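# predicted model and sequence below, questions to follow.
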Amino acid sequence: MNLLSLNVRGMGVEGKSDWCRSLRKENEVNFFLIQESLCAGIEVSKIEKFWGKGNFGYEVVEPTGRSGGLFTAWDSNMFTMCSSIKNRNFLLIIGTLKVEFGLKGGNFSYAVGNKLRRIDRFLVCDNFVNKWPTSIYRILLRGKSDHSSILLKTFSCNYGPKPFRFFNSWMDREDFESVVLKVVKEFSYQGPPDIGLMLKFRCLRRALSAWRNECEAKEKEEKNIIKDDLVHLEKELEVRDLVEEELWALEEGKRRISHLETFRLRDLKQRARNLWAMEGDANSKFFHGLINRRRASNFIRGSI
């Protein structure tokens, strides 16, 4: 969405309406912010001279004496006003922004005789723009209908395989060192050293990924078995005193679950730090939304 702010120093001066209208058209402005209108009782016909033809909404703050005056107009296809707050020093417009992808392949989707209109369109939410900022919205050939088909194509950015993530908790697991040493000893390559190092890291990454998946499956199964045993022992404790072996099993089971949970919490803590480093604080969704909307409007979608 494009906004234009302009101090006109009087809307009644000859030639300024044509100048403002051409600025709006050349820059595809959706929001027009005018200061120093110096014009009371502005009518729709006056605003149309500055805005041009089309659907638009507007709000006005009257000048005080021979100074001031604010006038704001907007494209009704992109913004719907809910309310406004007026003051001689500012004009606050509150409403809903409609997100629409830029149209390619033509300007109109409906034709009857010599009349052309654009009445077919896609409206999407912010989440859609954030997920597919480089989507294409295009008018196809009219064919056998008086309405053109409209096409919305989404592109999922593929940055290749997910990067390998190493967790510090792995180094405290019993068989981690043996997995690494086994890969290093068994690896063999004859060729440039840099390629050899890359291939060795690839083998190590694959071995650690397989080992990690195996560990997660084993620990999940072990945790479920221990929990079932603890539930059984606690039920037995309600009806009788446990023998020494059962008390040991109860305490050892709790200790083991706590140990496994420590690994999980360490991994979550490391993930949280990485996520914050990549995405920033809680305001990141808002700013990423702005960036993606600008990216969608600036994206070059080819020549066809």
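That came through fine. Numbers count the residues shown, from 1 in each chain.

# not counting its neighbours along the chain, what's nearest Pro74?
Not quite, residue 74 is Trp, not Pro. Setting aside the residues directly before and after it, Trp74 is nearest to Phe31 in space (Cβ to Cβ, 6 or more residues apart in numbering), at 4.9 Å. The C-beta positions use only the backbone N, C-alpha and C, and glycine is treated the same way.

# Val183: neighbouring residues, count only.
Applying other Cβ atoms under 10 Å, we find 18 residues neighbouring Val183.

# mind listing what's buried along the host helix or strand of it?
Per DSSP states H and E: Val183 is located in helix 176-186. Neighbour counts over helix 176-186 (16 or more other Cβ atoms under 10 Å) mark Phe176, Val179, Val180, Val183 as buried.

# quick one: contacts of it?
Trp170, Met171, Lys200, Cys203, Leu204, Ala207, Leu208, Trp211 (Cβ atoms under 8 Å, 6 or more residues apart in numbering).

# now stretch 49-60
So stretch 49-60 is in contact with 11, 16-18, 20-21, 24-25, 32, 34, 37, 42, 44, 47, 69-77, 79-81, 84, 86, 91, 93, going by Cβ under 8 Å, 6+ apart.

# could you do stretch 188-208 as well?
Phe164, Phe166, Trp170, Val179, Val180, Lys182, Val183, Val184, Phe187.

# tell me the mean pLDDT for it?
The predicted model gives stretch 188-208 an average pLDDT of 88.

# so how far is that stretch from its chain's centroid?
When distances are taken as Cα atoms, centre = their mean, to the nearest Å, stretch 188-208 is centred 37 Å away from the chain's centroid.

# list the beta-bridge partners for the residue nearest to Trp74.
When bridges are called by DSSP bridges, Phe31 pairs up with Leu3, Trp74.

# buried stuff in stretch 183-201?
Residues Val183 are the ones in stretch 183-201 that count as buried (16+ other Cβ under 10 Å).
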